[in-house]
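J.: Any chance you could fold what I've pasted below:
(chains A and B)
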Amino acid sequence: MSRTDQTPGLPPFPPDSDEARREARRKTVVWAVAAIGLVLCLLLAYNEIRISSGLFVEGMKAEGAKAKDVAMGLALTRVGAWVAALGTLAVYSFLMRDNPFYQVFEYALLGCATGMGAAIVLKDMLIAKWWAPMSEGVKMLFHDGATAAALGGALLLVPGLVGLLWYFQFSKRYFWLSRIPMCIGLGAGAGLGVKGLFNTLMPQITGSFKPIWPGQQFLPGETFWNRAAVGAENLIYVLGTLSVLTYFFFAFGRKYRGIKAPAKLGRWYLMLSLGAFFGNTFMSRLSALIERFSFLFSEWLRLSKP
Amino acid sequence: MAETPQKTGMWERLEHCDPRYLYLIFALMMVALEFLTVAIPVPVPDTVRSLYDRIEKLPKDKIVIIDCSLDAGYIAEGRGTFEVFAEHLLRRGIPFAVFTNTTFYQGQAFALKYLTPMAARLHKEYGKDYCIWGAVVLQNGAELQALAKDVHNTVKVDYKGTPLADIPMMKNVTDIHNVSLVYRVAYDWQGVQWLGFIQGVYGTPFACGTAAISSSNAYNFIRSGQLCGLLAGAAGSAAYESLLDEKGSGTRVVMKQSFAVLYVVGAIILGNIAMFLVKARKTGAARMDSSTR
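T.: Residues are numbered from 1 along each chain as shown, chains lettered A, B, ... in the order given. Sure thing, here's the model as predicted:
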């Protein structure tokens, strides 16, 4: 008698070959995943109906004739939550492997960011900062004459025209014209840069002169041990500044003892600071991950408190 | 004679563990922590306490400017650093104006999302206790200089389109001398513009809340006295929350971070033990082989 129960029209059970066994295992996994997915979808649908109806009822409590609009608006916020949740899950699906679900959201993000960037430049920069005050100034110039406000607005036409010279970059013959806005930009940028740099760096330089033993004039009324602690901290700081500067001092090479030892110390300081940088990076990325989990459970599924 | 298949021990399996199992365990831990609250002691660093003390001493006839450059990628840490600061100002009754740089266009939406319920809870009024300028181009030296000299002409209107002169708290704010502090919430450390053109020129105190990843650059400016306070990442906002005696988003993130760090450190230690043990076993087996031959 055969070990397998053979029913006419059906494959033998248990499967009689390795290939059949593999196929059976694959089908079992597919059906199990499909069943779990179906149950999860039903649970999600039930949860969503509960949340949306709750929001709708809350909105209907609003006073006045607009209660229905408020309710609809609240219920529609769920669309945003769903898009954000699907986007989050799509991005994390990359942890398994690259997949179309991830790629769709990747391209969608790129498209949205580009479109949004263009809209911001147009709305908040070109229209708000240039076109609106310039056209207003020109109108005032015709109606009220050459007042200060009218001239201030109308003169914005000049930087607009200078800015348009950039487009001569596409012309071989008039390319030189595009250098005019470039020179103006570089000049203004350099002037502002020097001023900003001076105001930022000078306090840094003066701040790096620290007393190794902070006396009465630096820490009035402090105990001996507090002074010692601040002194030790300052010593570490000053040593770090000098040794790292020596590490990046390449004029003499590292053959002199007076350069070699401090440069080595500087290297240690750099490694310690890079370690601190890495630790901070890890904490930032971790926070982003934690926030996404919180979003999924509190804002999307509304299972935990926000 | 047929060779018997070599058994793989626990350490071998651990050494070659698929990282996706580690992600799964991590995700399950995060899900569990969503529903649990564990009290974690939060130390308060000097950089946070100095900012808190400064807010306690700020005059109420001047405004505070908040540069709210929040974006979705930084919201995990930025939310806390923005909320605690705004809450402290609202509690103390110090008027403040929030704006967002056009580069971080999402900042305005986030500011509205977090400020509106907070103001309602503390019974504060828009226009009197706080206002939102909206998206303003204020990130280069020239723009900051213009703001310092003439606030009304640089910003012009708030996010609703109301002229600044018509907003009660902004009526007497003409230039930077009517500003008692500038606070910047942003992922990156781009505060040098504020230091170079506002703090360095007019002496207006400047503080910031950054992501932990960017805080390493900001610490340089603490010792030189250019920054009067720094909230570095979720830990910074959690420390500020403990000073305000409340448990907000910073405290929750720090609690989860602590467990996550423990898990990662544990995984690193276990992985290293497994690697050294397997290596030692292989070396021992090789020595045995060579001696028997």
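J.: tally of neighbours for residue B:142?
T.: 12 (other CB atoms under 10 Å in any protein chain shown). Where C-beta positions appear, they are placed from N, C-alpha and C, glycine not excepted.
J.: Just to check, it is in contact with residue A:192?
T.: Yes - using CB atoms under 8 Å, residue B:142 makes contact with residue A:192 at a distance of 6.0 Å.
J.: Skip the chain neighbours and tell me the closest residue to residue B:219.
T.: Leaving aside its chain neighbours, residue B:219 sits nearest to residue B:230 (7.1 Å; criterion: CB to CB, 6 or more residues apart in numbering or on different chains).
J.: show me what contacts that neighbour?
T.: Counting by CB atoms under 8 Å, 6 or more residues apart in numbering or on different chains, residue B:230 touches B:47, B:48, B:51, B:207, B:208, B:209, B:210, B:215, B:218, B:219, B:222, B:236.
J.: go again using 7 Å as the cut-off
T.: Taking CB atoms under 7 Å, 6 or more residues apart in numbering or on different chains, we find residue B:230 in contact with B:47, B:207, B:208, B:215, B:218, B:222, B:236.
J.: Can I get those residues in a markdown table including secondary structure, pLDDT and neighbour count?
T.: What follows is the contacts of residue B:230, written out as a markdown table (DSSP: H, G, I helix; E, B strand; the rest coil; pLDDT from 0 to 100; neighbours: other CB atoms under 10 Å in any protein chain shown):
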| residue | secondary structure | pLDDT | neighbour count |
| --- | --- | --- | --- |
| B:47 | helix | 94 | 20 |
| B:207 | strand | 96 | 27 |
| B:208 | strand | 94 | 28 |
| B:215 | helix | 89 | 26 |
| B:218 | helix | 89 | 23 |
| B:222 | helix | 90 | 19 |
| B:236 | helix | 94 | 30 |
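J.: tally of neighbours for the residue in the stretch 1-150 of chain A positioned nearest to chain B?
T.: The minimum distance from the stretch 1-150 of chain A to chain B, using CB to the nearest CB, falls at residue A:124 (4.7 Å). Using other CB under 10 Å, residue A:124 is surrounded by 17 other residues.
J.: backbone phi and psi for residue B:134, please?
T.: phi 90, psi -160 (degrees, to the nearest 10).
J.: Spatially nearest residue to it (excluding sequence neighbours)?
T.: residue B:159 (3.1 Å).
J.: In a strand, the one you found, correct?
T.: No - checked against DSSP: H, G, I helix; E, B strand; the rest coil, residue B:159 lies outside a strand; its state is coil.
J.: quick one, what contacts it?
T.: B:108, B:132, B:133, B:134.
J.: did I read that right, residue A:214 in a strand?
T.: No - going by three-state DSSP, the assignment for residue A:214 is coil, not a strand.
J.: Help me confirm that it comes into contact with residue A:228.
T.: No - the criterion here is CB atoms under 7 Å, and residue A:214 misses it with residue A:228 at 9.2 Å.
J.: Between these two, which has more neighbouring residues?
T.: residue A:214 (19 against 13).
J.: what sits against that one?
T.: Counting by CB under 7 Å, 6+ apart, residue A:214 makes contact with A:227, A:230, A:231.
J.: Check which helix or strand residue A:240 maps to.
T.: Element membership for residue A:240, per DSSP states H and E: helix A:224-247.
J.: residues of that helix that come out buried?
T.: Buried residues in helix A:224-247, counted by 16 or more other CB atoms under 10 Å in any protein chain shown: A:227, A:230, A:231, A:234, A:240, A:243, A:244, A:246, A:247.
J.: Residue B:248: which of those residues is nearest?
T.: residue A:230 (33.1 Å; CB to CB).
J.: got any ranges where the chain has weak pLDDT?
T.: In the absence of a named chain, this looks at chain A. A:1-6, A:62-65 (pLDDT under 70).
J.: that's the wrong chain, I meant chain B
T.: Residue ranges of chain B with pLDDT under 70: B:1-8, B:293.
J.: Return the residues of it in contact with chain A.
T.: Residues of chain B lying close to chain A by CB under 7 Å from any CB of the partner chain are B:20, B:23, B:30-31, B:34-35, B:73, B:75-77, B:102, B:105, B:135, B:137, B:141-142, B:192-193, B:195-197, B:200-201, B:211-213, B:215-216, B:220, B:223-226, B:233-234, B:253, B:256-257, B:260.
J.: Among these, which ones are in strands?
T.: residue B:135 (DSSP state E).
J.: Name only those of the residues of chain B next to chain A that count as buried.
T.: Using 16+ other CB under 10 Å as the burial test, the residues of chain B next to chain A include B:30, B:34, B:75-77, B:102, B:105, B:135, B:137, B:141, B:192-193, B:195-197, B:200-201, B:211-213, B:215-216, B:223-224, B:226, B:233-234, B:253, B:256-257, B:260 as buried.
J.: Pull up the gap between residue A:279 and residue B:216, please.
T.: Noted for residue A:279: a distance of 9 Å to residue B:216, by CB to CB, to the nearest Å.
J.: nope, residue B:227 is what I meant
T.: Relative to residue B:216, and taking CB to CB, residue B:227 is found at 13 Å.
J.: Which residue ranges of chain A form helices?
T.: A:18-60, A:67-92, A:100-120, A:132-144, A:148-154, A:157-164, A:179-207, A:224-247, A:257-294 (DSSP state H).
J.: Can you lay out the ones you listed as TSV showing distance to residue A:173?
T.: As requested, these are exported to TSV (distance: least, CB to CB, whole Å):
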stretch	distance to residue A:173
helix A:18-60	63
helix A:67-92	48
helix A:100-120	30
helix A:132-144	29
helix A:148-154	31
helix A:157-164	17
helix A:179-207	14
helix A:224-247	50
helix A:257-294	50
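J.: Would you convert these into CSV that also reports distance to chain B?
T.: Output for the helices of chain A, formatted as CSV (distance: least, CB to the nearest CB, whole Å):
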stretch, distance to chain B
helix A:18-60, 14
helix A:67-92, 8
helix A:100-120, 5
helix A:132-144, 9
helix A:148-154, 10
helix A:157-164, 12
helix A:179-207, 3
helix A:224-247, 7
helix A:257-294, 3
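J.: Domain-wise, how is the chain divided?
T.: I went with chain A, as the question did not name one. As assigned by automatic domain parsing, chain A contains the domains A:21-97, A:210-301.
J.: not quite, I wanted chain B
T.: Following automatic domain parsing, one finds the domains of chain B at B:10-39+B:255-292, B:46-247.
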